[in-house]
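Asks: Quick one, fold the following:
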Amino acid sequence: MKSDSEIERDVREELKWDPDLDATDIAVSVKNGVVTLTGFTRSYTDRLEAELAAKRVAGVHAVANDIEVRLPAIDQRPDPDIARDAVAALKSELPISHDRIKIIVKDGWISLEGAVEWQYQKTSAEVRKVKGVKGVTNVIAVKPKVEPSELQRKIMEAFKRNAEVDANRITVEAHGSEVILKGTVRSWIEREEAERVAWSAPGITRVEDRIVVSP
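Replies: The predicted structure is shown next:
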């Protein structure tokens, strides 16, 4: 098992290794396998990329992302311009269901409201690459129209098809449109992939991930 200092070293190296990320002003601390990222980035996508990089490191149990987004003056834009481009991006990403989602922009921060049928629609609505965005708050509700009885079977079948997830080490409990994942996985990335697969099932409104990372 890696020590906190070893994890911290590896996270710093992973941040430097990522070619799409400027990690110059990001600080890393680790306690009991929990990584805290502080400092600032020059874009919202860099903030998200830093979090993903930390989660890729073996031995990481969780990540607290406290990075602040400080946009360069050239990237700062008025809220109405951000809102206009966000609406256009949303229509492109979700051509059928975009009208169920409301976008609110304040000081460069996007808030998403409304209701959709699938979790992927809620996730796809996060128009993160719009220029000038400092952050996204997603409170879109998932309101499915499917019977919950097939959820457990569909999720287990999806686990078995997925090359990155060992389905034999994970169990699924379904309660209506909510599921609980239990078991052990080899890495944080595998844990996230299992959760992603569960969220991809039709009709899911909540996933409680109790999977333990045990390399």
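
Asks: mind listing the strands in this protein by residue range?
Replies: Along the chain, the stretches classed as strands by DSSP state E are 26-31, 34-41, 62-65, 68-69, 101-106, 109-116, 135-138, 141-142, 170-175, 178-185, 206-209, 212-213.

Asks: which one of those lies closest to Arg196?
Replies: Smallest distance to Arg196 across those (C-beta to C-beta): 9.2 Å, for strand 206-209. All C-beta spots, glycine's among them, are computed from the backbone N, C-alpha and C.

Asks: Could you name the helices and strands sitting against that closest one?
Replies: Packing contacts for strand 206-209, counted by 3 or more C-beta pairs under 8 Å, 6 or more residues apart in numbering; DSSP states H and E, involve strand 178-185, helix 188-199.

Asks: partners of it in the sheet?
Replies: If you go by DSSP bridges, strand 206-209 pairs up with strand 178-185 (parallel).

Asks: what does the strand it pairs with rub up against?
Replies: Where contact means C-beta atoms under 8 Å, 6 or more residues apart in numbering, the residues beyond strand 178-185 that reach it are 151-152, 155, 165-166, 169-173, 191, 194-195, 198, 201, 204-214.

Asks: Residue ranges in the chain under the pLDDT threshold?
Replies: Where the chain drops to pLDDT under 70, the residues are 144-149.

Asks: again, only using 50
Replies: Within the chain, no range satisfies pLDDT under 50.

Asks: so Glu93 touches Ala125, yeah?
Replies: Yes: in this structure, Glu93 is within contact of Ala125 by C-beta atoms under 8 Å, at 7.1 Å.
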